[in-house]
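Trainee: Return atomic coordinates for the entry below.
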Amino acid sequence: MSMATTATADTTLPVVRAVRYVQALREGGSLPGLMETDNLGTYVVKFRGAGQGTAALVAEIVVGELGRRLGVRVPELALVDLDDAISRREPDPDIQQLMLASPGINLGMDFLPRALGYDGRGGRPPADDAAAVLWLDAFTANVDRSWRNPNLLIWHGDLWAIDHGASLVFHHGWPDVSAFAARAYPLDDHVLAPFAGHLSAAHGRLAPMITDELVSEVMALVPDEWLPVPPDVDGPNAIRRRYAEYLGERLAMADRWLPGAAS
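Mentor: Down below sits the predicted model:
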């Protein structure tokens, strides 16, 4: 990885306590819920007891926070502490079961009121914004940003990227590092590919920002108990280093997964 200097960032996510479950958001398979919290905020909460498991929450933090530091608009993240008392009051049996399976810390994303899902009909997004999201998705192997499921919002006229849980596919099977690093990314299927232009400029601007220090900062935001355990790796710090190894090798082999990146 490049050792260029990066700006200092927070090393912990805020922790808030859930006070009321508002409604289910049934668009996604993980059944996230809208919840009010004790800081007077409203968050879209993804539960650690959902079928995707905590690996999806790790990807949400790592990719979302990398994106934020690269200038991609991502809703602010928080750790949401869920008490069983709230779960037991939920009348819907499926939602109650999910909440009871997710006591303690879950992941919240700041709710963007009246945001609209991006469908391509609101005009062209700025090329720099489109290129940054596309480059981030290619780098982290996000397989869920197609026209079938854009996972983009328009809020106050700006493009916002959400739902990064399908990124970092390596941590579901821990293949050989070089195999992941060289994995091609299907650019043509990406919802922003028509608007991003040539990605060599985006790569030249963004790749030097992915430093060892930045990756360490972002990995430190992930709760220890959420980290998937690779084979023959012991302890949360060693797991975090394993993530850094995968991301570092991926960055070093950009010419294999991002056409035009080395030009």
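
Trainee: Only C-alpha atoms from now on, for both contacts and neighbour counts.
Mentor: Noted.

Trainee: and the helix or strand hosting Ala138, what other elements does it pack with?
Mentor: If you go by DSSP states H and E, Ala138 is part of helix 127-140. Helices and strands touching helix 127-140, by 3 or more Cα pairs under 8 Å, 6 or more residues apart in numbering; DSSP states H and E, are helix 54-70, helix 193-196, helix 200-206, helix 236-252.

Trainee: list the helices and strands the strand or helix carrying Ala85 packs on?
Mentor: Assigned by DSSP H and E, Ala85 falls within helix 84-88. Packed against helix 84-88 by the contact rule (3+ Cα pairs under 8 Å, 6+ apart) you find strand 15-24, helix 93-100.

Trainee: and of these, who's closest to Ile61?
Mentor: With Cα to Cα as the measure, strand 15-24 is the member of these nearest Ile61 (13.8 Å).

Trainee: and this structure, what are its domains?
Mentor: As assigned by automatic domain parsing, the chain contains the domains 15-110, 116-257.

Trainee: before we move on, back to that, of all the helices and strands packed on helix 84-88, which one comes closest to Trp226?
Mentor: Across those, closest to Trp226 is strand 15-24 (Cα to Cα), at 15.4 Å.

Trainee: Not counting its own residues, what contacts that closest one?
Mentor: 31-39, 78-83, 86, 90, 95 (Cα atoms under 8 Å, 6 or more residues apart in numbering).

Trainee: Among those residues, the buried ones, what's the ChimeraX command?
Mentor: Those of the contacts of strand 15-24 that count as buried under 16 or more other Cα atoms under 10 Å are selected in ChimeraX with:
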select :31,32,33,34,35,36,37,78,79,80,81,82,83,86,90,95
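
Trainee: Show me the contacts of strand 15-24 that map onto strands.
Mentor: Mapping the contacts of strand 15-24 onto strands (DSSP state E) picks out 33-37, 78-82.

Trainee: nearest to Leu192, of the helices and strands packed on helix 84-88?
Mentor: strand 15-24 (28.1 Å).

Trainee: what residue ranges in the stretch 151-263 of the chain are flagged as low confidence?
Mentor: 259-263 (pLDDT under 70).

Trainee: 90 instead, please
Mentor: 186-189, 197-198, 258-263 (pLDDT under 90).

Trainee: quick revisit: quick one: distance of the helix holding Ala85 to the chain centre.
Mentor: 27 Å (Cα atoms, centre = their mean, to the nearest Å).

Trainee: Repeat that for stretch 96-113.
Mentor: 16 Å.

Trainee: residues of it that come out buried?
Mentor: Neighbour-count burial for stretch 96-113, counted by 16+ other Cα under 10 Å, picks out 96, 98-100, 102-112.

Trainee: Then stretch 228-242?
Mentor: Quick answer for stretch 228-242 (16+ other Cα under 10 Å): 228-230, 236, 239-240, 242.

Trainee: do the same with stretch 173-188
Mentor: For stretch 173-188, the neighbour count (16+ other Cα under 10 Å) marks 174, 177, 180-185, 187 as buried.

Trainee: dump the residue contacts of Gly41.
Mentor: Each residue near Gly41 by Cα under 8 Å, 6+ apart is listed here: Asp110.
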